[in-house]
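> The amino acid sequence is not available; the structure is as follows:
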């Protein structure tokens, strides 16, 4: 860790890592079987993307609330509240499956999305006290912690299904039991241990006078609208593509007779690729800049779309590779976009603006999840995967245009 960073940063990152490991299990367990549970209860593939849309819309609503609570009271209360609401939603999904109540399922999935919002906004907490030249690595440390829970969660689908049946609960609701416990535990860890609060301490340090021998001064940043727009665009596009393809992959596999074990393996590989490369991505962001890494995310997602579209439906290996590339492209877009965003927003409005951007990210995911089922029903899974890759490629010209505008501004002011 850089000597220019606050000594409290190491403790804050440790607490965030513990909470992310727990919440990763809750996040991944739900996304593995959400579409299958809806398909089972609704009896149609066309609406199988609805669960993803519902909990991402819920995530959008929660992102705004978590951002505002964090802005006023600090990251600790904002994130802990998000996880508590997510745990409540998980319990509601289980109850809906037991009662075979579609309205309760829809409402509970919306509430469940609060856990997703808290899981993603934790990355901002890791960057609040980070030195500018280590911001990418700070964000990546928080994200990579989700890997353990994110890989374990999908691979416990069969086990949780067996336990659920033993308890008289439908098998597909079993992973949501795990999600509820994991989210509740993550919220408890943050509420008890995330002290000092990183955002509040960053504001205090930025406002304090410089004293020789005192704690490191956290530097505030001026507003940079261009950086906010580019960071938001990169994260919105990567989320749209990732959610759309990920949501329908389990349905695509089930249609060709592949069981929950194979589905859990593919989604586990995907979630691992979403988070495990984070340390390398963070170093690339800090060394080459977030703009270059953002451009790379577009190319990676394009490759994922082509491979998923061309892979035989019964090839678990090729689908796993395609979903791994999908996760990697999302990882590169999220870390580079987060670094761009954080470097472009002053501390006074940082949490609120970050929450607002995460609303857009969640809504993009909701559109991807809802539209994915309709696309697959009308044109098939390969068409969905290929179109997703082509949409992701739009990141590259967006990056090029912003870079050109920055160079022109630098020449004009220099």
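Okay, I see it. Everything numeric in this text was worked out from a predicted model, so none of it was measured.
> what comes up buried for the one helix or strand residue 190 maps to?
Take DSSP states H and E as the rule and residue 190 turns out to sit in helix 174-193. Applying a neighbour-count criterion of 16 or more other C-beta atoms under 10 Å, the buried positions in helix 174-193 are 174-191. Where C-beta positions appear, they are placed from N, C-alpha and C, glycine not excepted.
> So the closest residue to residue 171 other than its chain neighbours versus residue 115, what's the distance?
Counting by C-beta to C-beta, 6 or more residues apart in numbering, the nearest residue to residue 171 once its immediate chain neighbours are dropped is residue 161, at 3.6 Å. Here residue 161 is placed at a distance of 20 Å from residue 115 (C-beta to C-beta, to the nearest Å).
> just residue 262 next, same as before
According to C-beta to C-beta, residue 262 and residue 115 sit 26 Å apart.
> Can you name the residues that contact the spatially closest residue to residue 20 that is not a sequence neighbour?
Leaving aside its sequence neighbours, residue 20 sits nearest to residue 145 (C-beta to C-beta, 6+ apart; 3.7 Å). The contact partners of residue 145, taken as C-beta atoms under 8 Å, 6 or more residues apart in numbering, are 16-18, 20-21, 24, 275.
> same question, residue 143
When contacts are counted by C-beta under 8 Å, 6+ apart, residue 143 touches 20, 123, 275, 278, 331, 334-335.
> cool, and residue 284?
With contacts defined as C-beta under 8 Å, 6+ apart, the neighbours of residue 284 are 136, 292-293.
> phi, psi of residue 19?
Backbone geometry at residue 19, expressed as degrees, to the nearest 10, gives phi -70, psi -40.
> Can you report how many residues lie near it?
Other residues within reach of residue 19 by the criterion other C-beta atoms under 10 Å amount to 32.
> So which residues of the stretch 151-300 of the chain form helices?
Secondary structure of the stretch 151-300 of the chain by DSSP state H, counting those that start in this stretch: the helices cover 157-166, 174-193, 198-207, 225-255, 260-275, 278-288, 290-310.
> Do I have it right that residue 70 meets residue 199?
Yes: here residue 70 reaches residue 199: they are 6.3 Å apart, a contact under C-beta atoms under 8 Å.
> When the two are compared, which one has more neighbours?
For residue 70 versus residue 199, the count of surrounding residues by other C-beta under 10 Å is larger for residue 70: 29 against 24.
> nearest spatial neighbour of the more buried one, skipping sequence neighbours?
By the measure of C-beta to C-beta, 6+ apart, the closest residue to residue 70 outside its immediate chain neighbours is residue 78, 3.3 Å from it.
> Within the helices and strands, which one has the one you found?
Using DSSP H and E, the element containing residue 78 is helix 75-99.
> ditto for residue 368
Using DSSP H and E, residue 368 maps to helix 350-379.
> hmm, back to that, which of the contacts of residue 143 has the weakest pLDDT?
Scanning those for pLDDT, the smallest score is found at residue 275, 81.
> low pLDDT regions in the stretch 151-300 of the chain?
Under the criterion of pLDDT under 70, the regions of the stretch 151-300 of the chain flagged as low confidence span 209-219.
> Counting neighbours, what do you get for residue 24?
If you count neighbours by other C-beta under 10 Å, residue 24 ends up with 27.
> I should have written residue 166 there, sorry.
Neighbour number of residue 166 under other C-beta under 10 Å is 10.
> where's it relative to residue 177, distance?
Remark: distance between residue 166 and residue 177 (C-beta to C-beta) = 12 Å.
> Report the contact partners of the residue nearest to residue 185 when sequence neighbours are not counted.
Distance criterion C-beta to C-beta, 6+ apart; nearest residue to residue 185, sequence neighbours excluded, is residue 22 at 4.8 Å. Applying C-beta under 8 Å, 6+ apart, we find residue 22 in contact with 149, 182-183, 185-186, 189.
> Save the residues you listed as CSV, and put in distance to residue 247 too.
What follows is the contacts of residue 22, written out as CSV (distance: C-beta to C-beta, whole Å):
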residue, distance to residue 247
149, 20
182, 21
183, 20
185, 26
186, 23
189, 29
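> Of those residues, just say which sits nearest to residue 342.
residue 186 (22.2 Å; C-beta to C-beta).
> Return the per-residue confidence for the residue nearest to residue 270 when sequence neighbours are not counted.
If you skip the residues right next to it in sequence, residue 270 has residue 323 as its closest partner in space, 3.7 Å away by C-beta to C-beta, 6+ apart. Per-residue confidence for residue 323 comes out at a pLDDT of 96.
> Show me which residues of the helix or strand where residue 323 lies are buried.
Here residue 323 is covered by helix 316-342, with elements defined by DSSP H and E. Neighbour-count burial for helix 316-342, with 16+ other C-beta under 10 Å as criterion, is recorded at 316, 318-342.
> before we move on, back to that, how about JSON lines for the contacts of residue 143, with distance to residue 255 added?
As requested, the contacts of residue 143 are exported to JSON lines (distance: C-beta to C-beta, whole Å):
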{"residue": "20", "distance to residue 255": "33"}
{"residue": "123", "distance to residue 255": "35"}
{"residue": "275", "distance to residue 255": "28"}
{"residue": "278", "distance to residue 255": "33"}
{"residue": "331", "distance to residue 255": "28"}
{"residue": "334", "distance to residue 255": "30"}
{"residue": "335", "distance to residue 255": "34"}
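> Return the member of the residues you listed nearest to residue 36.
Proximity of these to residue 36 was ranked by C-beta to C-beta; the top entry is residue 275 with 22.7 Å.
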